[in-house]
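Trainee: Have a look; sequence and predicted model below, questions after that.
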Amino acid sequence: MLPLADILSTLELVESEDGTFVAEQRDNPTHHIVGGHLTAQALIAAGRTVPGRLPHSLHVYLLRAGDARYPVQMEVSNLRDGGSLSTRQVTARQGGEILLEAMISFSVPMDAADYHRRAPEVPGPETLPRVEEQLQAFADEADGFWVRPQWIERRYIDPPPRLAIEMAEPPERTRMWWRPAEPVTDDPIINSALLTYFAGTALLDTTVTMRRATHVTTFSALIDMAIWFHRPADLTDWVLSDQLSPSGINGRGLASATLYNHAGQLVCTTTQEMYFGRRRD
């Protein structure tokens, strides 16, 4: 998992020509580009071409893994600029191959009905231990995977995957409070990109739990994803993610989540599908 500073630096895309942006990557031992990271970069690229409007929906297919040792070209096409909605298509290419195709829509604020389903009643984040404390007994497992520092601080309400596989029945939901481990900007586009990165990785918790597996014993890849952004997120405070996986079939796992701010307002809704390969040794 990249530290927050590295994630933020890769969201500073360089425009190489009109409508084309260079997205730098950060290498890792497997050279695999994380799907949520690439999707967050596509959102940033599209947002650079829509000044004054905020993202309200994103639909993406991830076609190839890509190689994190090399940059990715983000080609943004202007499909529509209406009175209240703008639509962009983003194609991510590397070495002549398409890694990602995305449709991203932006909107302006409007004076209209405002309602939402409120957050479920759950314990507050201050009453819950950090996940590193929950999994301290597994600190020597998988080269310290379970307790290594991450760019977000997580406090689970339901058992995280490593504890869930020890239970007779896996929990139907995975609910957690999270926030960036370090201060972040209040830029709504950057915060939407960080929400995208979070969703593209955290929803794996729910699908591996239902498969009675963990992140380190199962190969997985994000293959498609949709997000609806309802309200700008305040990432200086805690965000509640309520996640479930209603289906797993033919090597795929479907997961969805609703995310709420600390005040109980709905921030975004997301659904994605993961591909699972063979069990790792």
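Mentor: Sure, I can see it. Numbers count the residues shown, from 1 in each chain.

Trainee: longest single helix anywhere in this structure?
Mentor: Longest helix of the chain, by residue count under DSSP state H: helix 188-202.

Trainee: Check which helices and strands that one sits against.
Mentor: Helices and strands touching helix 188-202, by 3 or more C-beta pairs under 8 Å, 6 or more residues apart in numbering; DSSP states H and E, are helix 4-10, helix 35-47, strand 54-62, strand 173-180, strand 218-229, strand 239-249, strand 252-261, strand 266-279. Quick note: C-beta positions are derived from backbone N, CA and C, even for glycine.

Trainee: Neighbouring strands - and their directions - for whichever helix or strand comes after the shortest one?
Mentor: I take that to be helix 4-10. Sequence order places strand 14-17 as the next helix or strand after helix 4-10, per DSSP states H and E. Sheet partners assigned to strand 14-17 using DSSP bridges are listed as strand 20-23 (antiparallel).

Trainee: For the strand it pairs with, buried residues please.
Mentor: 20-21, 23 (16 or more other C-beta atoms under 10 Å).

Trainee: what residues does the longest helix of the chain touch?
Mentor: 1, 7-8, 11, 34-37, 39-41, 43-44, 47, 54-55, 58, 152, 176, 178, 180, 184-185, 222, 225, 227, 229, 232-235, 239, 241, 243, 257, 259, 267-268, 270, 272 (C-beta atoms under 8 Å, 6 or more residues apart in numbering).

Trainee: Going by neighbour count, which of those residues are buried?
Mentor: Buried among those (16+ other C-beta under 10 Å): 7-8, 11, 34-37, 39-41, 43-44, 47, 54-55, 58, 152, 176, 178, 180, 184, 222, 225, 227, 229, 232-235, 239, 241, 243, 257, 259, 267-268, 270, 272.

Trainee: mind listing what's buried in the helix or strand residue 133 falls within?
Mentor: In this assignment (DSSP H and E), residue 133 forms part of helix 131-134. For helix 131-134, the neighbour count (16+ other C-beta under 10 Å) marks 131, 134 as buried.

Trainee: show me the contacts for residue 14.
Mentor: Residue 14 touches 21-22, 24, counting by C-beta under 8 Å, 6+ apart.

Trainee: any low-confidence regions in the stretch 151-281 of the chain?
Mentor: 278-281 (pLDDT under 70).

Trainee: ugh, typo on my part, it should be the stretch 1-150 of the chain
Mentor: Residue ranges of the stretch 1-150 of the chain with pLDDT under 70: 1.

Trainee: make it 80
Mentor: 1-2, 113, 115 (pLDDT under 80).

Trainee: Now render the contacts of residue 14 as a markdown table, adding distance to residue 90.
Mentor: Formatted as a markdown table, those follow (distance: C-beta to C-beta, whole Å):
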| residue | distance to residue 90 |
| --- | --- |
| 21 | 9 |
| 22 | 13 |
| 24 | 16 |
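
Trainee: ok, and what's touching the helix holding residue 133?
Mentor: 146-147, 154-156, 160, 163, 176.

Trainee: Now for those residues: which two are most distant?
Mentor: Greatest spatial distance among those (C-beta to C-beta): 147 and 176, at 16.0 Å.

Trainee: That's all I had, so thanks and see you.
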